[in-house]
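A.B. asks: quick one: sequence and predicted model below, then my questions.
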Amino acid sequence: MDKRDDPANEVAKFVHRNREIIRWGDMDAFGHVNNVQFFRYLEGARVAYSSEVAGSCLRAEGESVILADQRCSFLRQLSWPGELDVYTRTVKVGRTSIHLAQLVCRAGEAEIVAAGAGVMVWFDFEAQRPAAVPEPLRRRVAEYERVCPEGL
């Protein structure tokens with residue numbers, strides 16, 4: 001197997017891992033996890049990642065991040081019961097945006113069952129428009145990530 005095709009090589013790029021539990025109610029009439037649940041797993045990991053990495057930079061007033069885009073590619077079916085490892089990392093920091101990559105794997109396994117991509121925008125709530133990502137957050141992301149994000 002070519003190293004580039006090995007999922008473990010892709011997972012190794014990620015520092016942040018969040019554990020999610022597959023619930024009985026996550027399944028649909030076809031007996032597998034409904035596609036909407038994947039977005040909830042990605043959300044849980046994104047919030048945990050943001051809290052760990054951005055910490056005090058996040059607040060509910062003034063300026064903070066908002067989700068501008070979230071995508072998910074479904075690669076394998078999942079069913080109950082089970083646990084998932086959801087990996088999140090920043091791949092690019094623009095002037096006002098933070099681009100994330102996310103992987104969903106069965107807990108303890110390297111096989112990727114879904115891949116997500118999201119864009120968070122640093123937002124000025126008073127002005128109701130994007131604002132520049134603060135330098136302290138840029139530094140924190142650069143220090144945290146195993147692979148330096150584009151733009152830093």
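C.D. replies: That came in fine, so what should we check first? Just so we're clear, the structure is a prediction, and the values are computed from it rather than from any experiment. Numbering: from 1, shown residues only.
A.B. asks: from here on, contacts and neighbour counts on C-alpha atoms
C.D. replies: Fine.
A.B. asks: so Gln37 touches Asp28, yeah?
C.D. replies: No. Assessed by CA atoms under 8 Å, Gln37 is found out of contact with Asp28, at 9.9 Å.
A.B. asks: overlap in contacts, the two.
C.D. replies: Common neighbours of Gln37 and Asp28, counting by CA atoms under 8 Å, 6 or more residues apart in numbering, are absent.
A.B. asks: low pLDDT regions in the protein?
C.D. replies: The model of the chain has pLDDT under 70 over residues 1-5, 56-60.
A.B. asks: which parts of it are helices?
C.D. replies: Ranges of helices within the chain are 7-11, 35-54, 135-144, based on DSSP state H.
A.B. asks: turn those into TSV, including mean neighbour count.
C.D. replies: Converted to TSV, the helices of the chain look like this (neighbours: other CA atoms under 10 Å):
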stretch	mean neighbour count
helix 7-11	15
helix 35-54	18
helix 135-144	15
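A.B. asks: need these in CSV (columns: distance to Leu103).
C.D. replies: Below are the helices of the chain laid out as CSV (distance: least, CA to CA, whole Å):
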stretch, distance to Leu103
helix 7-11, 8
helix 35-54, 8
helix 135-144, 18
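A.B. asks: buried set for stretch 119-136?
C.D. replies: 119-125, 130-131, 133 (16 or more other CA atoms under 10 Å).
A.B. asks: of those residues, closest to Phe14?
C.D. replies: For those, the residue nearest Phe14 by CA to CA is Val119; the value is 17.0 Å.
A.B. asks: and the buried residues of stretch 119-136 as CSV, adding distance to Leu78?
C.D. replies: Shown next, in CSV, are these (distance: CA to CA, whole Å):
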residue, distance to Leu78
Val119, 25
Met120, 27
Val121, 31
Trp122, 33
Phe123, 35
Asp124, 39
Phe125, 38
Pro130, 37
Ala131, 39
Val133, 36
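A.B. asks: re earlier: can you check which of the helices of the chain gets nearest to Asn18?
C.D. replies: helix 35-54 (5.4 Å).
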